[in-house]
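Engineer: Take this sequence and fold it.
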Amino acid sequence: MLRRKLDAATAPPGPTQTRPRKLSPSGATIGAALFLAAGLGWLLKLQQPAQVAQQATQLSAEQAEQAATQLTQAVSQFQQRLAITVAEAGPPAGDDAAGVRALEVQLLPRFPEASDLRLLPLSELSASNYALQTLALRNHIEIDLLRKAGTRKAPAMESYQHENQWLTSVAQQVVLPGQPETPAIALLTFPNQVLQQYIPATDSLGLYELQQQFTDNRGRDHLRNIAASGTAVGDTAPLAGTAPVSGTPWQIRFTPGPGLLAGITPERWPYLLVAALALAGGLLGALAPSRLPRRAPSLRPRGRASFTGKAAAAEPDDVPTPAAPPAELERSLLYQNHDIVEEHAEQALDLDLDLGLDLDLEEGDGGFPAHIFRAYDIRGRADTELTDELVRRIAIALAAELHERGESQLVLASDGRLSSPRIRSQLISALLESGLSIADIGIVPTPLVYFATHELDIPSAIMVTGSHNPATDNGMKIVLGGKTIGAGGIARLREQVQANHGPQPGFRHGKLTNHDLSEQYVERILSDVAIPAPLKLVIDASNGATGELGPLLFRELHCEVTPLNCTIDGNFPGHPPDTSNEDNLRQLAEKVVEVGADLGVAFDGDGDRVVVVTGSGRIVRADETLMLLAGDVVARNPGADVVFDVKCSRHLARVVTELGGRPVMWKTGHAFMKEKMLETGALLGGEFSGHIFFGERWYGHDDGLYAAARIAELCATQDTSLDELLASVPVSVSTPDIRIPVAESDKFALVERLVEEADFGPGKLTTLDGLRVDFNAGWGLLRASNTEAALTARFEGDTPEQLDNVKAVFREQLARIAPELGNAF
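Structural biologist: From the prediction side, this is the model:
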């Protein structure tokens, strides 16, 4: 039977026999494509272990970085507590050694973690020539620590073994109470078990090791573990990640364990993508012969040029090459330094303009006004745009995203706007129906939401807030996986909302729990910030979400507080909640002068921005505040990165550089700034609008309350007024933010045309975010607002005349592009 079938298949066709069909070129192409897809898929499956290893290595590095940051903060807080505790103690019984020993006995109970505490006046150390026996110290390591602390103000610390026990000693310069002319070294020692509480406790996630570098007597360096937590099994050492603990000789090493590895799922999309591309290529190959013209002469010269590298002769349809621009004239010296703008950042404007930072769609596309999905949050008119239906669709889309990430709960909070209860109610209902559990923390400032993601160990959150916008507006700030989502995340969310999927089936109804974290938040700041000399403050909460927490915090910091607009009221009766508009700060400035306060502090509607006013009533712009804070932060952390947005003064970069830090200019927007803070490991960041970010001693997010506390701490510890501190800050003449109303659909196109068509002569162009042009005596900026239908402009000059010149140049160029805007500034 089989033989007959083979004979029949191979026999020549007879008069009535049909020749067997041959595989057509189209079929052959598709078959080859399918074969290629299967083969590539098999190869990708072989790569899955490598993919798991790559993900594990990345996660290990993140775990090590988080643990190192936590320990860095703990060490910094301990060192600060040591200095303050000594300074605030009662004076010694006498100037002799017995009086100092009595002071040691008095202080030791205040450090329950310590095994002993020594106070050694520098005069005593010099007289003894740091002799081990004379000073009754354990070993030469402690002698070395005393020498280091005696020659520089930075604390010195090291771990070592003594009598079969690991100990850590800290040597730090202090001032003996009542004896400011008698500097001393405090030498405090504690067992390394104390360090365990600052290393994450984990069973199966992995192994955390605190390591210190030692140099042996042959000059070779070794790493030794001085504390550890958790376990790791198998050969996972190559997947470990490490991160330094700033200000110490230590590093954290994290080796993944079974708990972390079990949670990694190899991605399937590369296989699916390759298969789809191969199949698509096969289909296109099958269709190509019938679709392409037989001759395409205009394509051939270009094709040859791309392979040979030789230019082909121009054909009639070729576009002529534009003439080369004229040679540049002398430009501003400051921005010749490309370190200020991160590598490849100059390409960002084109990308942002292509994507549309406000993510515009046609109005009504998908049944909602698309312009409310902005660069890093959702914001629009509460009554007409953030309808109940749209809020529910947003909630359902967010729930799907969280389920996809393997998360089952999130933090929820709101500001005090009149529309917030309705929006909040719709979110709760839809999120619970979608199977998510909610930790509701109430009406709080936005920074407390970020704090809650750490405190409750829930990495995702929604804050219902209109921020600094008018009372009629509202919106949402969204955190996913511990990060505020930016344009990419908002775009994906918008697409899901547009698709309008219902709640996913198969999930149980979520649970709603209530949490009040205000006390923990205040206690966390109190444990970090110390104001040794009480200050007199006026606090203007703009009738926003900081109305209760702001005065409470500063009273707990032992300050005298005069509240202003501190009743939470969504009508904002005192003034609009926008602290970037200096007209809204006049009331605060007048009250500060009236009551004789040391300084005034203003928060926006949701408390993530802060602006300060000096005792003389001077409004301090955020870039000036950043210069002061940089002097504090960089002095303790030489080489630290300081991130600032394109609207900040050019003096800021010079000040940071002179302090020994690295200035990094970046895009305006709190989400963009937090991403850059995380990417660079910066210890300080800020925007001209008043968002200030602390990576030193804090979590790296924008927190107006914490920033205000750090500013007050700086004034109190310097024992001088804010006006006097600002006397050291470089002075120039500048404008506040200038808003130019334009249509939502036009604002990005206007900036793009200005970049392409305007002529600023010798000015240096920075297209990182909008268009900034630096001249020798000033600079100007024009950019599209990410939060409203407007362009924003800002200008600075060394003198009033130079400021006017910069404005005139921008005014002339803008008039060429958009004459309808008239004399906008």
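Engineer: Which secondary structure state does V561 sit in?
Structural biologist: In the three-state summary, V561 is assigned as strand, counting by DSSP: H, G, I helix; E, B strand; the rest coil.
Engineer: dump the residue contacts of it.
Structural biologist: Residues in contact with V561 (C-beta atoms under 8 Å, 6 or more residues apart in numbering) are 537-539, 551, 554-555. For the C-beta atoms, the positions are set from N, CA and C on the backbone; glycine is no exception.
Engineer: which among those residues gets closest to D473?
Structural biologist: Nearest to D473, judged by C-beta to C-beta, of these is I539 at 24.1 Å.
Engineer: ok, back up a step: give me the subset of the contacts of V561 lying in strands.
Structural biologist: 537-539 (DSSP state E).
Engineer: For the stretch 301-450 of the chain, just list every one of the helices.
Structural biologist: Shown for the stretch 301-450 of the chain, the helices assigned by DSSP state H, counting those that start in this stretch span residues 348-355, 388-405, 420-433, 446-455.
Engineer: weakest of those helices by average pLDDT?
Structural biologist: The minimum mean pLDDT among these belongs to helix 348-355 (a mean of 32).
Engineer: Got phi/psi on the closest residue to G574 other than its chain neighbours?
Structural biologist: Excluding the flanking residues, the one nearest G574 by C-beta to C-beta, 6 or more residues apart in numbering is N565, at 3.4 Å. N565 adopts backbone torsions of phi 50, psi 40, taken as degrees, to the nearest 10.
Engineer: wait, doesn't N565 sit right on P577?
Structural biologist: No - using C-beta atoms under 8 Å, N565 is not in contact with P577, being 9.1 Å away.
Engineer: Which one of those two is surrounded by more residues?
Structural biologist: More crowded of N565 and P577, by other C-beta atoms under 10 Å: P577, with 31 against 24.
Engineer: so who does the more buried one touch?
Structural biologist: 467-469, 542-544, 584, 604-605.
Engineer: returning to that earlier point: save the contacts of V561 as a markdown table, and put in pLDDT too.
Structural biologist: Compiled in a markdown table, the contacts of V561 are given as follows (pLDDT from 0 to 100):
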| residue | pLDDT |
| --- | --- |
| L537 | 97 |
| V538 | 98 |
| I539 | 98 |
| P551 | 97 |
| F554 | 97 |
| R555 | 96 |
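Engineer: out of those, which one sits closest to E590?
Structural biologist: Nearest to E590, judged by C-beta to C-beta, of these is V538 at 9.7 Å.
Engineer: Beta-bridge partners for that closest one, please?
Structural biologist: T562, G600 (DSSP bridges).
Engineer: Just give me the neighbour total for it.
Structural biologist: V538 is flanked by 25 other residues according to other C-beta under 10 Å.
Engineer: Confirm for me that it is in contact with C559.
Structural biologist: No - counting by C-beta under 8 Å, V538 stays clear of C559, with 10.5 Å between them.
Engineer: tally of neighbours for P155?
Structural biologist: Taking other C-beta under 10 Å as the criterion, the count of residues near P155 is 26.
Engineer: quick one: contacts for L187?
Structural biologist: Residues counted as contacts of L187 (C-beta under 8 Å, 6+ apart) are 117-120, 137, 142, 145-146, 169-171.
Engineer: please redo it, this time with the cut-off set to 7 Å
Structural biologist: With contact taken as C-beta atoms under 7 Å, 6 or more residues apart in numbering, L187 is in contact with 118, 120, 142, 145-146, 169, 171.
Engineer: And this protein, what are its domain boundaries?
Structural biologist: Following automatic domain parsing, one gets these domains for the chain: 58-265, 373-516, 525-726, 733-821.
Engineer: now the ones you listed in a markdown table, with distance to V52?
Structural biologist: Listed next are these as a markdown table, based on distance: least, C-beta to C-beta, whole Å:
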| stretch | distance to V52 |
| --- | --- |
| domain 58-265 | 5 |
| domain 373-516 | 16 |
| domain 525-726 | 24 |
| domain 733-821 | 37 |
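Engineer: Kindly report which one of the ones you listed carries the lowest mean pLDDT.
Structural biologist: domain 58-265 has the lowest average pLDDT among the domains of the chain, namely a mean of 80.
Engineer: pretty sure the residue nearest to G574 contacts F572?
Structural biologist: No - using C-beta atoms under 7 Å, N565 is not in contact with F572; the gap is 8.2 Å.
Engineer: what is in contact with these two at once?
Structural biologist: 542-543.
Engineer: Tell me the buried residues in stretch 486-503?
Structural biologist: For stretch 486-503, burial by neighbour count (16 or more other C-beta atoms under 10 Å) applies to 486-487, 489-491, 493-494, 496-498, 503.
Engineer: what do you get for stretch 558-574?
Structural biologist: Buried residues in stretch 558-574, counted by 16+ other C-beta under 10 Å: 559, 561-566, 568-570, 572, 574.
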